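# Sequence unavailable; structure follows:
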């Protein structure tokens, strides 16, 4: 039998495990979303091309699952139609083969997009680090010695 201490997970305000009030949670969300424009400006300033590549690849990869599901539906429909129509196995395969090829192409496209996106992410990460370091050094060079 496990006995839990009365002060552990009491849920009282001020304890580490106490849930935050809704007003405080909403303020945290507002603060987090308020930082998005500045973060985007920082990333955009570091490398515009990689930012655009990442955005386009993200949009394409977001559309892949729904397109794969739709092609999967078409494959199942073609198989069901072949079974209901008492079509031979060869004709049924020929009816489903284009959809199978498209599905394979979508899976291959997803793998390629994943690799290209990973590469663009690494390039953007390196350029962002360089951009931030350069900005800090330029700001430090612009300050008078008394601020150090």
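Looks like it arrived, so ask away. Here the structure is a predicted model, which means the values were calculated and not measured.

# Which neighbouring elements make contact with whatever helix or strand residue 111 lives in?
Element membership for residue 111 (DSSP states H and E) is helix 89-142. When contacts are defined as 3 or more Cβ pairs under 8 Å, 6 or more residues apart in numbering; DSSP states H and E, helix 89-142 packs onto helix 36-46, helix 48-84. Quick note: C-beta positions are derived from backbone N, CA and C, even for glycine.

# Can you give the distance of it from its chain's centre?
Relative to its chain's centre, helix 89-142 lies at 11 Å (Cα atoms, centre = their mean, to the nearest Å).

# looking at the helices and strands packed on helix 89-142, which is closest to residue 130?
With Cβ to Cβ as the criterion, residue 130 lies closest to helix 36-46 of the helices and strands packed on helix 89-142, at 7.5 Å.

# I'd like the distance from the closest one to the chain centre, please.
The chain centre lies 17 Å from the centre of helix 36-46; the measure is Cα atoms, centre = their mean.

# pLDDT on that helix, on average?
Here helix 36-46 scores 92 as its mean pLDDT.

# tell me which residues of that helix are tucked away?
Within helix 36-46, the residues that count as buried by 16 or more other Cβ atoms under 10 Å are 43, 46.

# now for that helix, which elements pack on it?
Counting contacts by 3+ Cβ pairs under 8 Å, 6+ apart, helix 36-46 is packed against helix 89-142.

# about what we covered before: so the helix holding residue 111 versus helix 36-46, what angle?
Counting by axes from the mean of the first three to the mean of the last three Cα atoms, to 10 degrees, helix 89-142 points 90 degrees away from the direction of helix 36-46.

# the inter-axis angle of helix 89-142 versus helix 48-84?
On the basis of the same axes, to 10 degrees, helix 89-142 is oriented at 160 degrees to helix 48-84.

# Good, we can wrap up now.
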